[in-house]
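Enquirer: have a look; sequence and predicted model below, questions after that.
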Amino acid sequence: MNNIFEQIQQEIENGRRIVLATVVDKKGHGPAAPGARMLVREDGSTVGTVGGGALEKAAAKKARMLFQSETTALIHYNLDDDDQLVDKVETGMACGGSTIIFFELLGNSPHLVLLGAGHVGQAVLAHAALLGYRITVADSRKPLLDGTPHHKTVHLPDYREGYGELGITGRSYVVVATHSHTFDAVAMEKVYSLPIRPAYIGVLASRKKAETMVKKLKESHPHADLSNLHMPVGLRIGGPSPQEIAISILAEIQAIRYGKTGQNHMGETW
């Protein structure tokens, strides 16, 4: 059992989210005793067990759903064919009895998605890691991604596909800072095409470039809610270096995260 706790610690230290499923009660001939645990990763792989068979399959499925809902859950699984137990989830198992499993999402730190792993992106990554963000880094240049082994990386060869792998939720903070204005525009459009709207989208661009990009975005997405768009990205605190720009960006994200108003933002209200 110690192995699963070591694995939990390792996953969280590496900035990865996991769901811990724990058997909290059992009646009858359930397959696992209270205290049995199973760790479920976002890719569906597991460590430990809550009983095996159909019960474990159902539990793993429920656990994966929590990565999107970002909630906890207490589920009562029926392990026989008693149709009267309508409040329970049927498993089709024949061992009889029932099992209650508690699901909790761990490592759910604020999620930062960096589209672009260049100088500014690397500086943002370094500062964000100190603030405890869970970081996903994407770039078209694979060698840059190989240099960030402690964070989730996604290779986007031309920034046109693969956004489903980024794990963006309504609590994600997205920073677009690729090495090309063309890629910046593509990435911004693709993020606004996702079914889930992130809490924040910041795009590194000049004011003139921002106006052009927003105009094109409004043409392709006329009904998009751009109230979460910050472009040019960052607070107006000064400094031209990648490290200073990164501090400006993260200061803005922190202000948004904690609901602080009245800040001097670089960007317009789009």
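Expert: Everything's here; your move. Numbering: from 1, shown residues only.
Enquirer: could you measure from the residue nearest to the spatial centre of the chain over to Lys218?
Expert: Among the residues of the chain, Gly167 comes closest to the average C-alpha position under CA atoms, centre = their mean, at 4.3 Å. Per CB to CB, to the nearest Å, Gly167 is found 27 Å from Lys218. (Glycine included, C-beta is placed from N, CA and C.)
Enquirer: please apply the same query to Gln7.
Expert: Distance check for Gln7 against Lys218: by CB to CB, it reads 46 Å.
Enquirer: sec struct for the nearest residue to the residue nearest to the centre of the chain once chain neighbours are set aside, please.
Expert: Of all residues not flanking Gly167 in the chain, Thr136 sits nearest, at 6.1 Å (CB to CB, 6 or more residues apart in numbering). Per DSSP: H, G, I helix; E, B strand; the rest coil, the local secondary structure of Thr136 is strand.
Enquirer: what residues does Thr136 make contact with?
Expert: Thr136 makes contact with 111-114, 151-154, 166-167, according to CB atoms under 8 Å, 6 or more residues apart in numbering.
Enquirer: quick one: which of those residues is nearest Leu55?
Expert: Comparing the contacts of Thr136 against Leu55 with CB to CB picks out Gly167 as the nearest, at 27.1 Å.
Enquirer: who's the closest spatial neighbour of Asp225, skipping the chain neighbours?
Expert: Arg197 is the one closest to Asp225 (CB to CB, 6+ apart), at 6.8 Å.
Enquirer: what's the answer for Gly107, then?
Expert: Closest residue in space to Gly107, ignoring its immediate chain neighbours: Ile12 at 4.1 Å, by CB to CB, 6+ apart.
Enquirer: hang on, Asp139 packs against Gln122?
Expert: No - here Asp139 does not reach Gln122: they are 10.3 Å apart, not a contact under CB atoms under 8 Å.
Enquirer: among those two, which residue is more densely surrounded?
Expert: Asp139 (25 against 20; other CB atoms under 10 Å).
Enquirer: what's near enough to touch that one?
Expert: 115-118, 121, 145, 153, 155-156, 178.
Enquirer: returning to what we had before: how about the residue nearest to Asp225, what does it touch?
Expert: The contact partners of Arg197, by CB under 8 Å, 6+ apart, come to 170, 225, 228.
Enquirer: hang on, it in a helix?
Expert: No - membership of Arg197 in a helix is not supported by three-state DSSP, which gives coil.
Enquirer: buried sites along stretch 128-135?
Expert: 128-129, 133-135 (16 or more other CB atoms under 10 Å).
Enquirer: looking at these, which is nearest Asp25?
Expert: Of all those, Arg134 has the smallest distance to Asp25: 31.7 Å, by CB to CB.
Enquirer: what about that closest one, distance to Lys152?
Expert: 8 Å.
Enquirer: cool, Lys142 as well?
Expert: Applying CB to CB, the value for Lys142 to Lys152 is 14 Å.
Enquirer: neighbour count winner among the two?
Expert: When Lys142 and Lys152 are compared on other CB under 10 Å, the one with more neighbours turns out to be Lys152, at 21 against 11.
Enquirer: so how far is Ala54 from the closest residue to the more buried one other than its chain neighbours?
Expert: Take Lys152 and drop its neighbours on the chain: the residue closest to it by CB to CB, 6+ apart is Thr136, 4.6 Å away. Thr136 sits 33 Å away from Ala54, going by CB to CB.
Enquirer: in the stretch 51-200 of the chain, where is pLDDT below threshold?
Expert: 80-96 (pLDDT under 70).
Enquirer: how about the strands of it, start to end?
Expert: Remark: strands of the stretch 51-200 of the chain, listed N- to C-terminal, are 73-78, 89-90, 98-106, 111-115, 134-139, 152-155, 172-176, 200-203; assignment by DSSP state E, counting those that start in this stretch.
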